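S.K.: predicted model, plus sequence, below.
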Amino acid sequence: MIPDAVAAVVAAVIEEHPAAAPDRLGVLVVQELRALGWHITAPPAALTPPRPVRGAA
């Protein structure tokens, strides 16, 4: 679920840039959130062990 504050920022960015491509809108939303003091971080990636290569000795 997107918090109401984030949804408002997304809506404002879309309204300001109606012709922007979806990937550009994503960049603009993150820029706006950062300008408002939000910290955007990704969750840690789950590490998976490497798979053996077929035919390798």
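M.R.: Alright, I've got the coordinates.

S.K.: got the contact list for Ala45?
M.R.: By CB atoms under 8 Å, 6 or more residues apart in numbering, the contact set of Ala45 is empty. Where you see a C-beta, it was placed from the backbone N, CA and C, and this is true even at glycine.

S.K.: need the pLDDT of it.
M.R.: pLDDT for Ala45: 77.

S.K.: do Val27 as well
M.R.: Reported pLDDT for Val27: 95.

S.K.: quick one: low-confidence parts of the chain?
M.R.: Scanning the chain for pLDDT under 70 picks out 1, 56-57.

S.K.: tell me where it has helices.
M.R.: 4-16, 22-35 (DSSP state H).

S.K.: from the contact counts, what lies against the shortest one?
M.R.: When contacts are defined as 3 or more CB pairs under 8 Å, 6 or more residues apart in numbering; DSSP states H and E, helix 4-16 packs onto helix 22-35.

S.K.: neighbours around Trp38, how many?
M.R.: If you count neighbours by other CB atoms under 10 Å, Trp38 ends up with 12.

S.K.: check the gap between it and Val9 for me.
M.R.: Using CB to CB, to the nearest Å, Trp38 is found at 8 Å from Val9.

S.K.: and if you look at Thr48?
M.R.: 34 Å.

S.K.: got a markdown table for the helices of the chain, with distance to Val53 and mean neighbour count too?
M.R.: Shown next, in a markdown table, are the helices of the chain (distance: least, CB to CB, whole Å; neighbours: other CB atoms under 10 Å):
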| stretch | distance to Val53 | mean neighbour count |
| --- | --- | --- |
| helix 4-16 | 43 | 13 |
| helix 22-35 | 34 | 13 |
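
S.K.: need those helices in TSV (columns: distance to Ala42).
M.R.: Putting those into TSV (distance: least, CB to CB, whole Å) gives the following:
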stretch	distance to Ala42
helix 4-16	16
helix 22-35	12
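
S.K.: nothing else from me, thank you.
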